[in-house]
Each structure stands twice: as C-alpha cells, then as structure tokens.
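# sequence first, then the predicted structure, then my questions.
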Amino acid sequence: MQLPSYVAGSWVEGSSDGVEVRNAITGEPITTVSSTGIDFSEVLRYGRQIGGPALRRMSLHERAYMLK
C-alpha cells in the first residue's frame, strides 16, 4: 500500500514504487511513500494562491487548533 500525499487540493499517489516506511519501534514495514510524478510547480502555485491566503485569514489560535 502506498501512502498518498495531499497535493493542490487532492490526494495523489506517487508514480514509482517509492520508499518503504517502517515502524520506529518494531521495524516492521508500514507503507511506502513516493513523490515521483508530483508537479512541484503546481504545489508552489497552490500554496501561494490558495493555502497562504487561507492561513493568513486565520488567527493564531485557529491555526494551533488545526495542528492539535
């Protein structure tokens, strides 16, 4: 199973086999992750035009609550 990334408003799986992610305690494989095929220029555009303005409209407490 490959773990998708939230990119430019949607969930996207990388286009390669990716890198194995292991449990930090047991060492057992959990999933794989890959950024191959993700359009990073689109990621920057989305962050600058959509994500940044949305975060700046929020108060410090609202942003902290999102992280909680």
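Yep, it's here.
# going by C-alpha atoms from here, please, whenever you check contacts or count neighbours.
OK.
# and the helices in this structure?
If DSSP state H is used as the criterion, the helices of the chain fall at 40-46, 52-57, 60-67.
# just give the nearest non-adjacent residue to E20, would you?
Spatial nearest neighbour of E20, excluding adjacent residues (CA to CA, 6 or more residues apart in numbering): T32 at 4.3 Å.
# report pLDDT for that neighbour.
As predicted, T32 sits at a pLDDT of 92.
# ok, back up a step: what's the closest of the helices of the chain to M1?
Nearest to M1 among those is helix 40-46 (22.8 Å), distances taken as CA to CA.
# quick revisit: let me have the helices of the chain in a markdown table, extended by distance to A24.
Listed next are the helices of the chain as a markdown table, based on distance: least, CA to CA, whole Å:
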| stretch | distance to A24 |
| --- | --- |
| helix 40-46 | 29 |
| helix 52-57 | 32 |
| helix 60-67 | 22 |
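# right, so those: which one is the most enclosed?
Most buried of the helices of the chain, by mean neighbour count (mean count of other CA atoms under 10 Å): helix 40-46, with a mean of 13.
# mean confidence for it?
Taken as a whole, helix 40-46 has a mean pLDDT of 93.
# coming back round to it: out of the helices of the chain, which gets nearest to E28?
Taking CA to CA as the measure, the helices of the chain were each checked against E28, and helix 60-67 came out nearest at 27.3 Å.
# tell me the mean pLDDT for the closest one?
In this model, helix 60-67 has an average pLDDT of 93.
# quick one: contacts of that helix?
Here helix 60-67 makes contact (CA atoms under 8 Å, 6 or more residues apart in numbering) with L55.
# for the closest residue to S16 other than its chain neighbours, phi and psi?
The shortest distance from S16 to any residue other than its chain neighbours is 5.9 Å, reached at T36 (CA to CA, 6+ apart). Backbone torsions for T36, taken as degrees, to the nearest 10, come to phi -60, psi 130.
# same deal with E13?
Per degrees, to the nearest 10, the backbone of E13 is at phi -100, psi 140.
# what's the neighbour count on E13?
Close neighbours of E13, defined as other CA atoms under 10 Å, add up to 19.
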